[in-house]
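Peer 1: I would like the atomic coordinates for the input below:
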Amino acid sequence: MSNSTTLPLVLDERCGIATVAGLRDEILRRLEASAECTIACDGVRAIDAATLQLLVVARQSAENTNRLVRFERPSEEFLQAAEYLGLRSQFT
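Peer 2: Coordinates of the predicted model:
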């Protein structure tokens with residue numbers, strides 16, 4: 001994951017439950033510093049349900065506080081995993 005609040009937050013190639021807490025903290029940090037957080041999803045090759053759920057909740061929570069979480073260029077693997085969970089529409 002990248003660390004600057006002005007650059008997109010780049011998701012790792014493999015996103016799993018072990019990284020959810022750190023990802024949550026980074027999204028929150030970025031949303032405290034700016035009204036928008038862009039998350040680059042194009043390099044994701046594997047992503048689990050916990051990470052996808054975190055991303056959906058992060059977007060919903062941001063919207064509730066007039067902030068924006070945007071998903072940029074989700075990879076096919078990312079979208080396929082989201083589809084298995086019925087969440088694809090959240091990322092397209």
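Peer 1: Figure out the helix or strand that the residue nearest the centre of the chain lives in.
Peer 2: Residue closest to the average C-alpha location in the chain (C-alpha atoms, centre = their mean): residue 55, at 4.3 Å. Residue 55 belongs to helix 49-64 when elements are defined using DSSP states H and E.
Peer 1: Which residues does that helix contact?
Peer 2: 15-17, 19-20, 23-24, 27, 31, 37, 39, 68-69, 71, 81-82, 85, 87, 90-91 (C-beta atoms under 8 Å, 6 or more residues apart in numbering). Backbone N, C-alpha and C define where each C-beta goes, glycine included.
Peer 1: Buried residues, it. List them.
Peer 2: Within helix 49-64, the residues scored as buried using 16 or more other C-beta atoms under 10 Å are 51, 52, 54, 55, 56, 58, 59, 62.
Peer 1: how near is the last one to residue 11?
Peer 2: Separation of residue 62 from residue 11 (C-beta to C-beta, to the nearest Å): 17 Å.
Peer 1: one step back: so how do I select the buried members of the contacts of helix 49-64 in PyMOL?
Peer 2: Here is the PyMOL command that selects the buried residues among these (16+ other C-beta under 10 Å):
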select buried, resi 15+19+20+23+27+31+37+39+69+71+81+82+87+91
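Peer 1: Now do the helices in this structure.
Peer 2: Assigned by DSSP state H, the chain shows helices spanning 20-33, 49-64, 76-84.
Peer 1: quick check: mean pLDDT across the longest one?
Peer 2: Read it as helix 49-64. Average pLDDT, helix 49-64: 97.
Peer 1: That one versus helix 76-84: what angle between them?
Peer 2: 80 degrees (axes from the mean of the first three to the mean of the last three C-alpha atoms, to 10 degrees).
Peer 1: Can I get helix 49-64 in PDB? Just the C-alpha atoms.
Peer 2: Output of helix 49-64 as PDB, limited to C-alpha atoms (Å, rounded to 0.1, in the frame of the first residue of the first chain):
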ATOM      1  CA  ALA A  49     -14.300 -11.500   1.700                       C
ATOM      2  CA  ALA A  50     -13.000  -9.700   4.800                       C
ATOM      3  CA  THR A  51     -11.200  -7.200   2.600                       C
ATOM      4  CA  LEU A  52     -14.100  -6.700   0.300                       C
ATOM      5  CA  GLN A  53     -16.400  -6.100   3.200                       C
ATOM      6  CA  LEU A  54     -14.100  -3.600   4.700                       C
ATOM      7  CA  LEU A  55     -13.900  -1.700   1.400                       C
ATOM      8  CA  VAL A  56     -17.800  -1.600   1.100                       C
ATOM      9  CA  VAL A  57     -18.100  -0.400   4.700                       C
ATOM     10  CA  ALA A  58     -15.400   2.200   4.300                       C
ATOM     11  CA  ARG A  59     -17.300   3.600   1.300                       C
ATOM     12  CA  GLN A  60     -20.600   3.600   3.100                       C
ATOM     13  CA  SER A  61     -19.100   5.200   6.200                       C
ATOM     14  CA  ALA A  62     -17.400   7.900   4.200                       C
ATOM     15  CA  GLU A  63     -20.600   8.700   2.400                       C
ATOM     16  CA  ASN A  64     -22.400   9.200   5.700                       C
END
